[in-house]
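> Mind looking at a prediction? Sequence and model below.
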Amino acid sequence: MIEIRIHGRGGQGNVVAAYLLAMAAFEEGQYGQAFPNFGAERRGAPVIAFVRIADHPIQRRNQVLHPAFLIIQDQALLHVPGVTDGLLPEGKILVNSTLSSAELSQELQKEVIAIPATSIAKEVLGRPVPNTALLSAFLTLTELLPDDSLGKALSRRFQGNVLEKNLQLVKQAASHVTVGQWRGEKHATSA
Amino acid sequence: MRQALEGSQAVAQAVALCRPQVIAAYPITPQTHIVENISKLVADGKLQCEFVSVESEFSAASLVLGAAMAGSRAYTASASQGILLMAEVLFNIAGMRVPLVMTCANRAISSPLSIWNDQQDSMSVRDAGWIQLYCADNQEAVDTTIQAYRIAERCELPVMVCMDGFTLTHTLETINIPAQTEVDQYLPKYQFKRTLDPQNPISLGTLVSPDYYTEARHSHHQALLNAQAEILLADQDWAEITGRKCGGLLEVEGTEEADVAILTIGSVLGTLREALEELPPNQPVKLIKLRTFRPFPAETLKAACKGLKDIIVLERAFSPGSGGIVGLEVLGALSELENPPKVHNFAAGLGGRDIPLDILPRLLKVLEDPTASRQFKLFDVELERLPVEDR
């Protein structure tokens, strides 16, 4: 089972990102579980969402305390106490940031990859919503699920022009990272 | 059909499959997504039904009460303060023996204000005379919602389907949504024998003198106790159609010869199951899922607990100044056994506090000291954060 924690702010589509990732797993015949941990329900407030992906039904409902991956939707959250807590020793961080991956890795003493998800989204969608771009980069890096799984999940949730643009965004964001760079690492927290 | 759905979305679909004719609701976290999804089904023309947005939960309960009496299958949902605001009407619905189904998206009660999960809301109306069924996962929430209509309409009693707020309502997971044909085969058209009819007027819920009140209350008590048979049958018949069961009154899992049991209610079961798998194999521990809290299945529980040495009751609400709610009822029922097990009673996960996997070994550790007090405790309270006089 792979456990992922997504940090963002209210209004950034944090919960949607978690749901999409779990839906993408479902589309590939795997089991996905996703749930939010809301703070105060308002735009801008930090929001956490959890995702589990496994090849068997997932029964536990406790929060993900030791994720293999962190997806951070707002670079400022990297410096909020607790955000990187519990990340597995070999855990990786994908962050929406214009800073360099090398610098961030050095600073956090973890393998960090930064992509400018907000500006990619602005360019393709016309809106500063970083979630789809980050998910695309995440799945490209890890190859956790086949290429088109995210597209399948998006097509369950969106249609028409919004879907088209999101699919375009998936392609665009994937080109910002190296395919399979995080593949095959020992990410599983348990069977 | 298997789908990846948010719990609330799945329950909305389950309600729609039951072909309700009137729905009234007022939004409250974490219940809102359920009625939001239902209102979308209505707006999209996928569900033919009168959807009434009311100005309060008191009105929501009153409106569905009237609708069910007038011959419509009706539904509402709420949580927390909403359940409290409905409380007066909930007792009336039950007392008048009106078949209704509502979802309680379990949430803590103010004050202090908490939007997060525990079960203080439904437990606070446990004496309202409703059947209360608790769901361990979202599949059970779907299946129980459908079963609830059959139970309610056969027993002429209202049913509250309790599902943990956020932990279930806001969790996306794989859920099997039954086909309309399966639900139609299971659930006949709504018919209420005492439907209000101006041509043939009757009185319901009228003034009763001391000459009759006790008998009316006894009838209600007996009707709830008798409902156990229908709850079991509803689960069996559903299993025949879909192959899925929700656990009837209660369900026991684990090794037969185990002399320790942990009894829980609601969605913490899955966490305990996986925690048990992580311990060395052949632990002498059973898990008991209490699905039906009202009527309280005392006889079934006694049978399930025969031969046990210890039973740990882990619940998500309590009665301040007394202790556990479920625990006290378990203790009462088991006291009739010849060699009753020791009952250890804890509440945990109040106001949304996470219940981690390691709660299981920590609970079992309690049993290692046979001299330890068995007084009720909040298992995850951090006393050192409190002033000395409150510890």
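Alright, I've got the coordinates.

> alpha carbons only for contacts and neighbour counts from here, please
Noted.

> Tell me, how many residues neighbour residue 161?
Let's take chain A. A:N161: 10 surrounding residues under other C-alpha atoms under 10 Å in any protein chain shown.

> that's the wrong chain, I meant chain B
Neighbouring residues of B:V161 were enumerated by other C-alpha under 10 Å; the total is 27.

> CA atoms of stretch B:175-182 as PDB?
Output of stretch B:175-182 as PDB, limited to C-alpha atoms (Å, rounded to 0.1, in the frame of the first residue of the first chain):
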ATOM      1  CA  ILE B 175     -18.500   1.300  -3.600                       C
ATOM      2  CA  ASN B 176     -20.900  -1.000  -5.300                       C
ATOM      3  CA  ILE B 177     -24.100   0.900  -6.200                       C
ATOM      4  CA  PRO B 178     -27.000  -1.600  -6.700                       C
ATOM      5  CA  ALA B 179     -29.100  -1.600  -9.800                       C
ATOM      6  CA  GLN B 180     -32.500   0.000  -9.800                       C
ATOM      7  CA  THR B 181     -34.000  -3.400 -10.600                       C
ATOM      8  CA  GLU B 182     -32.400  -4.900  -7.500                       C
END
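
> if you look at that stretch, does any of it touch chain A?
No. Taking C-alpha under 8 Å from any C-alpha of the partner chain as the criterion, stretch B:175-182 and chain A are apart, separated by no less than 10.4 Å.

> Stretch B:237-253 too?
No. Residues of stretch B:237-253 contacting chain A under C-alpha under 8 Å from any C-alpha: none, with a closest distance of 14.6 Å.

> First-to-last residue distance for that stretch?
One end of stretch B:237-253 sits 21 Å from the other (C-alpha to C-alpha, to the nearest Å).

> If you count neighbours, what's buried in it?
For stretch B:237-253, a neighbour-count test (16 or more other C-alpha atoms under 10 Å in any protein chain shown) marks B:W238, B:R244, B:K245, B:C246, B:G247, B:G248, B:L249, B:L250, B:E251, B:V252 as buried.

> Serialize those residues to a markdown table and add fields for secondary structure and pLDDT.
Conversion of the buried residues of stretch B:237-253 to a markdown table gives the following (DSSP: H, G, I helix; E, B strand; the rest coil; pLDDT from 0 to 100):
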| residue | secondary structure | pLDDT |
| --- | --- | --- |
| B:W238 | helix | 98 |
| B:R244 | coil | 98 |
| B:K245 | coil | 97 |
| B:C246 | coil | 98 |
| B:G247 | coil | 97 |
| B:G248 | coil | 98 |
| B:L249 | coil | 98 |
| B:L250 | strand | 98 |
| B:E251 | strand | 98 |
| B:V252 | strand | 97 |
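
> got the residues you listed as a markdown table, with distance to B:I177 columns?
Shown next, in a markdown table, are these (distance: C-alpha to C-alpha, whole Å):
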| residue | distance to B:I177 |
| --- | --- |
| B:W238 | 13 |
| B:R244 | 11 |
| B:K245 | 14 |
| B:C246 | 14 |
| B:G247 | 18 |
| B:G248 | 20 |
| B:L249 | 23 |
| B:L250 | 23 |
| B:E251 | 23 |
| B:V252 | 25 |
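
> Domain parsing of chain B, as residue ranges.
As given by automatic domain parsing, the domain ranges for chain B are B:2-242, B:253-390.

> what's the most buried one of these?
Across those, averaging neighbours per residue (mean count of other C-alpha atoms under 10 Å in any protein chain shown) puts domain B:2-242 on top, at a mean of 20.

> Do me a favour and get the end-to-end distance for that one?
12 Å.

> Pull the distance from it to the chain's centre.
Relative to its chain's centre, domain B:2-242 lies at 10 Å (C-alpha atoms, centre = their mean, to the nearest Å).

> Ok, stretch A:103-117 next?
Averaging C-alpha coordinates over stretch A:103-117 and over its chain gives two centres that are 15 Å apart (C-alpha atoms, centre = their mean).

> Just the endpoints, please. Distance across that stretch?
For stretch A:103-117, the end-to-end distance is 18 Å (C-alpha to C-alpha).

> roughly how far apart are B:A4 and B:T174?
Remark: distance between B:A4 and B:T174 (C-alpha to C-alpha) = 4 Å.

> Quick check: neighbours shared by these two?
Common contact partners of B:A4 and B:T174 (C-alpha atoms under 8 Å, 6 or more residues apart in numbering or on different chains): A:F26, A:G32.

> same for the strand or helix carrying A:A34, what does it pack against?
Using DSSP states H and E, A:A34 maps to strand A:31-37. With contacts taken as 3 or more C-alpha pairs under 8 Å, 6 or more residues apart in numbering or on different chains; DSSP states H and E, strand A:31-37 sits against helix A:14-27, strand A:46-54, strand B:172-176.
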